[in-house]
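**Student:** model this:
(chains A and B)
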Protein chains: 2
Amino acid sequence: MTGAIKQSLAAQAADLASGATTATALAERALARATEHKALNAFVALAPDAVLAQASAADRRRRAGQALSPIDGVPIAVKDNYLTEDYPTTACSRALPDEGEGIDATVVGRLRAAGAVIFGKTNMHEWAFGATNATSSVGPTRNPHDAERITGGSSGGSGAAVAAGIVAAALGSDTGGSVRIPSAACGIYGFKPSYGRASRHGVLPLSWSLDAPGPMTAALADIPILLPYFFGEDRNDPATHGAAPFAALPEVGTPRVVHLVGAGLERSEEVGLAVTQALRTSSALVRDHELENVESYFAAWEAILHGEASAYHAGRMERNPQAFSPATQAHLVAGAQLTAVELLQAQRIRARFVDLLLRGIGAWDAIAMPTLPVVAPRHGEDWQEFGGRRVTTQDSMTWFCWIGNLAGLPCVSIPVPVNAGHLPVSLMLMGRPGQDERLLAIARWVDRHLKGTR
Amino acid sequence: MTGAIKQSLAAQAADLASGATTATALAERALARATEHKALNAFVALAPDAVLAQASAADRRRRAGQALSPIDGVPIAVKDNYLTEDYPTTACSRALPDEGEGIDATVVGRLRAAGAVIFGKTNMHEWAFGATNATSSVGPTRNPHDAERITGGSSGGSGAAVAAGIVAAALGSDTGGSVRIPSAACGIYGFKPSYGRASRHGVLPLSWSLDAPGPMTAALADIPILLPYFFGEDRNDPATHGAAPFAALPEVGTPRVVHLVGAGLERSEEVGLAVTQALRTSSALVRDHELENVESYFAAWEAILHGEASAYHAGRMERNPQAFSPATQAHLVAGAQLTAVELLQAQRIRARFVDLLLRGIGAWDAIAMPTLPVVAPRHGEDWQEFGGRRVTTQDSMTWFCWIGNLAGLPCVSIPVPVNAGHLPVSLMLMGRPGQDERLLAIARWVDRHLKGTR
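**Tutor:** Numbering: from 1, shown residues only, chains lettered A, B, ... in the order given. Okay, here's the model as predicted:
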């Protein structure tokens, strides 16, 4: 396939508003493309009748002048760790969740109330505990740009579904990059909100102090259309207490961007050149900043992730560990062996890390890095080599992304121009905690310059 | 001794202001009383020359009309876990701190800058890891009301020094009641601030997510005189970032007080009668509220305490565990054996506990309990029996107090009237997080009614 046939959510909403298309036409096209791209293994559940019924209801509302929102009738795919009242939720594991069937996650419920067509459940890395999407009860996803390549994960099905032009937008979740990794590997846009601004209620946890749900979209402009459904206080997610609803993007001038470099932040030549070129094209003011002791901060992220995941899954591991894949079992056993002292040391390192990063930004506007240090790896490759490093494919996927989770920062992944025939490369921008709108305004500035449409 | 000769900090400040006394006279009297009460073992370090030099400097300032503050020249004793630039700091342990000598804790530095005479370092339970003050490198403290009784701890020396009328005020620290326990056992006032409002910089940690420093005083009116030196932002204590400085007490009407009862909140008949009578005398509106699952919340407090203490002391335990007393070593070994999953479960229970307590208060003003379930135990008593319970003397000391630390609430311990010849009993009031001033205003209302001086 070519990556070019993607149509944005914004464009679909405009076409619905003008009458140039109908929800039924969008749903039929999405279903047809899903069939056409079945080999990508993007979906774990997809019920055409239910999709068409939702679309038909949306069309009736719109004809009656009673559209619920601009996205009434737009198909949106949902990662299989969001509870949905119509589809089962399995986290792509045979170790099934205890969480209630038949209810919607808060974000899904809000989208449904706005008339969005809940299009199907997307394939994911088992319980989101991995970034390759190689481990899933329904098998790995395949990258629309090259079926021999992985999508990355854990929201790999969402990445493939958007990149293949099946849907313009899909929901992901992100604990160490799981929204941004498949977005970058598949050449689409992905956004991880600041910790605590977006509701996780009904999104199965991986690590509650790191998790954030987020949108994955065909266009950057689609993200601010969707974030109002993610953001703001949800009494069922204590982390959102006092959280501000999503606001309009501010106007920004030439962004001043701190480019993070240093040991532990290496990238392949291909990615390095594309990102450096993109930063130049963006006309942003860029300065390099060396982040030290990256490995100790990474270890803190990993300890918190493993500890919290093992605490969450303790009952499931006690009852029937074999239901998990061997890889996930191994992670959960490792987490159970962590001591309280090790975890506390990680939590303390984390507290210092946020200060350190913010001091690194100083008065500047954002942090920049590649989203991934490599282009999408091939299936079956266990190791990646880049910048003098040899790391597991798993670690190469979270290489830069975990920083945003450990620090709770808003992060956006933006595809940058690459030469024809090359695999996607993305630039990641990170903002200050809670300043998601400002980060998106900076991203808009950069993206327009990259596209030459300023 | 009798408890009656205590003179308040407010009275001392007034006498200094009027010229009725001098700092030197106050210092000399305090030194004389310290000598007279040497058997209490309240002080671990006390340098008369340094005290008199500070007092003399204060007198010179005041004569020159250049008093630094109303407390310029007032002697204040300091628990031996506050760093002090003049006295060594040992936490009453042979396992000495690594923290720098020759610097003042933030609170000590602020008091010193206000001209307070830093009077000496008070005896404490080793590293604050216990509530009896029986374990200390310099031996146990003795209760001024009855030398056969313990002071409670861990700020036992501060409690004894104030109760014996050596100083009107002393500094304590409180992780599970260590300010309030000796205040109650010795019949003085003690205040534990809301978590994060008072600076801990330079106060040796026991458990950083539970610790709060606080004043122990001869009169309730002394507390608002001292809290401005504790409260407000300190860049060296991240927990205080954004913390409000201490404000004037609001005026309050008849307080509505929720009296916590239930399994795990029993108290001796003697204490129960005195506290019930005090609540009646106070004319506050009182309703009982049953707190359920107290034991699981207590276990969460204990897990967090042990885990954090073991993380903090890890290096010291590796280098030379024998330097700790056997009791403290045992605590630290227990903490090191906790798993990350156990700690995370405790942290999650803690998060729910705050909500639960605040729902329990509803729109009412404060929570009430006895500070201790028993009067000061005798030295060498390992067990206490009350209300059908048989618990260790250690657990009887923290019986009610840990609630305030686990929930981060402001707490004040107020001696209530007891019949002549009886040991002190105190009422504890707890307020909403951050509403320390309001809690103190309620305490003032109650205390005036108890004294019949409304």
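
**Student:** got the buried residues for stretch A:103-123?
**Tutor:** Under the neighbour-count criterion of 16 or more other CB atoms under 10 Å in any protein chain shown, stretch A:103-123 has A:104-112, A:114-123 buried. To be clear about C-beta, it is placed using only N, CA and C from the backbone, and glycine gets the same treatment.

**Student:** Can you tell me how far the residue of chain A most remote from its centre is from chain B?
**Tutor:** Residue farthest from the centre of chain A, counting by CA atoms, centre = their mean, is residue A:64 at 35.5 Å. Noted for residue A:64: a distance of 43 Å to chain B, by CB to the nearest CB, to the nearest Å.

**Student:** Give me the pLDDT value at the residue nearest to residue A:102 when sequence neighbours are not counted.
**Tutor:** Counting by CB to CB, 6 or more residues apart in numbering or on different chains, residue A:85 is the residue found nearest to residue A:102 once chain neighbours are left out, at 5.3 Å. Here the pLDDT value assigned to residue A:85 is 96.

**Student:** from memory residue A:85 sits against residue A:100, does it?
**Tutor:** No. Contact criterion CB atoms under 8 Å: residue A:85 and residue A:100 do not qualify, at 9.7 Å.

**Student:** from memory residue A:40 sits against residue A:164, does it?
**Tutor:** Yes. With contact defined as CB under 8 Å, residue A:40 reaches residue A:164; the gap is 5.9 Å.

**Student:** Point me to the residue of the stretch 1-150 of chain A nearest chain B.
**Tutor:** Closest to chain B within the stretch 1-150 of chain A is residue A:129: 15.3 Å, counting by CB to the nearest CB.

**Student:** ok, that residue - contacts?
**Tutor:** Shown in contact with residue A:129 (CB atoms under 8 Å, 6 or more residues apart in numbering or on different chains): A:154, A:206, A:309, A:328, A:331, A:332.

**Student:** Quick check: the residue most central in space within chain A vs residue A:211, distance?
**Tutor:** The centre of chain A sits closest to residue A:179, judged by CA atoms, centre = their mean, with a distance of 1.2 Å. From residue A:179 across to residue A:211, the span is 11 Å (CB to CB, to the nearest Å).

**Student:** Could you do residue A:407 as well?
**Tutor:** Per CB to CB, residue A:407 is found 14 Å from residue A:211.

**Student:** Give the intersection of the neighbour lists for residue A:40 and residue A:164.
**Tutor:** Contacts common to residue A:40 and residue A:164, judged by CB under 8 Å, 6+ apart, are residue A:144.

**Student:** Now do the buried residues in the lowest-mean-pLDDT helix or strand in chain A.
**Tutor:** Lowest by mean pLDDT, DSSP states H and E among the helices and strands of chain A is helix A:340-361, with a mean of 93. Applying a neighbour-count criterion of 16+ other CB under 10 Å, one finds A:340-347, A:349-350, A:353, A:357, A:361 buried in helix A:340-361.

**Student:** gap between the host helix or strand of residue A:406 and the chain center?
**Tutor:** Residue A:406 belongs to helix A:402-407 when elements are defined using DSSP states H and E. Helix A:402-407 sits 13 Å away from the centroid of its parent chain (CA atoms, centre = their mean, to the nearest Å).

**Student:** just the CA coordinates of that helix, formatted as PDB?
**Tutor:** C-alpha atoms of helix A:402-407 as PDB (Å, rounded to 0.1, in the frame of the first residue of the first chain):
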ATOM      1  CA  TRP A 402       9.600   6.700  28.400                       C
ATOM      2  CA  ILE A 403      10.900  10.100  29.300                       C
ATOM      3  CA  GLY A 404       7.500  11.700  28.700                       C
ATOM      4  CA  ASN A 405       5.800   9.100  31.000                       C
ATOM      5  CA  LEU A 406       8.300   9.300  33.800                       C
ATOM      6  CA  ALA A 407       8.000  13.100  33.800                       C
END
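
**Student:** Quick check: can you name the pairing partners of the next helix or strand after that helix and their directions?
**Tutor:** Toward the C-terminus, helix A:402-407 is succeeded by strand A:411-415 as the next helix or strand (DSSP H and E). Partner strands and pairing direction for strand A:411-415 (DSSP bridges) are strand A:189-192 (antiparallel), strand A:426-430 (antiparallel).

**Student:** Show me which positions of strand A:411-415 end up buried.
**Tutor:** A:411, A:412, A:413, A:414, A:415.

**Student:** one step back: on contacts alone, who are the packing partners of the next helix-or-strand element following the least confident helix or strand of chain A?
**Tutor:** As assigned by DSSP H and E, the chain's next helix or strand after helix A:340-361 is strand A:366-370. Contact analysis of strand A:366-370 by 3 or more CB pairs under 8 Å, 6 or more residues apart in numbering or on different chains; DSSP states H and E lists strand A:256-261, helix A:269-281, helix A:340-361, strand A:426-430 as its packing neighbours.

**Student:** same thing but at 6 Å, please
**Tutor:** If contacts are counted by 3 or more CB pairs under 6 Å, 6 or more residues apart in numbering or on different chains; DSSP states H and E, strand A:366-370 sits against strand A:256-261, strand A:426-430.

**Student:** Which among those strands is found nearest to residue A:90?
**Tutor:** The closest of these to residue A:90 is strand A:426-430. By CB to CB, the value is 28.7 Å.

**Student:** and that closest one, how far from the chain's centre?
**Tutor:** With CA atoms, centre = their mean as the basis, strand A:426-430 stands 12 Å off its chain's centre.

**Student:** Next, the angle from the following helix or strand past that strand to strand A:256-261.
**Tutor:** Next along the chain after strand A:426-430, taking DSSP H and E as the criterion, comes helix A:436-451. Angle, helix A:436-451 to strand A:256-261, by axes from the mean of the first three to the mean of the last three CA atoms, to 10 degrees: 80 degrees.

**Student:** ok so, going back, just send the contacts of residue A:129 back as JSON lines, with secondary structure, distance to residue B:51 and pLDDT too.
**Tutor:** As requested, these are exported to JSON lines (DSSP: H, G, I helix; E, B strand; the rest coil; distance: CB to CB, whole Å; pLDDT from 0 to 100):
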{"residue": "A:154", "secondary structure": "coil", "distance to residue B:51": "64", "pLDDT": "98"}
{"residue": "A:206", "secondary structure": "coil", "distance to residue B:51": "58", "pLDDT": "97"}
{"residue": "A:309", "secondary structure": "helix", "distance to residue B:51": "56", "pLDDT": "98"}
{"residue": "A:328", "secondary structure": "helix", "distance to residue B:51": "64", "pLDDT": "97"}
{"residue": "A:331", "secondary structure": "helix", "distance to residue B:51": "60", "pLDDT": "96"}
{"residue": "A:332", "secondary structure": "helix", "distance to residue B:51": "59", "pLDDT": "97"}
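
**Student:** Widest-spaced pair of these?
**Tutor:** For these, and using CB to CB, no pair is farther apart than A:154 and A:332, which are 15.2 Å apart.

**Student:** okay, now the residue in the stretch 151-300 of chain A that chain B sits nearest to: neighbour count?
**Tutor:** Taking CB to the nearest CB, chain B has its nearest neighbour within the stretch 151-300 of chain A at residue A:238, 6.7 Å off. Other residues near residue A:238 number 15, with proximity taken as other CB atoms under 10 Å in any protein chain shown.

**Student:** Might you enumerate the residues of chain A proximal to chain B?
**Tutor:** Within reach of chain B by CB under 6 Å from any CB of the partner chain, chain A has these residues: A:307, A:308, A:310, A:311, A:314, A:336, A:338, A:340, A:341, A:343, A:344, A:345.

**Student:** Phi and psi next, for residue A:308.
**Tutor:** Residue A:308 adopts backbone torsions of phi -70, psi -40, taken as degrees, to the nearest 10.
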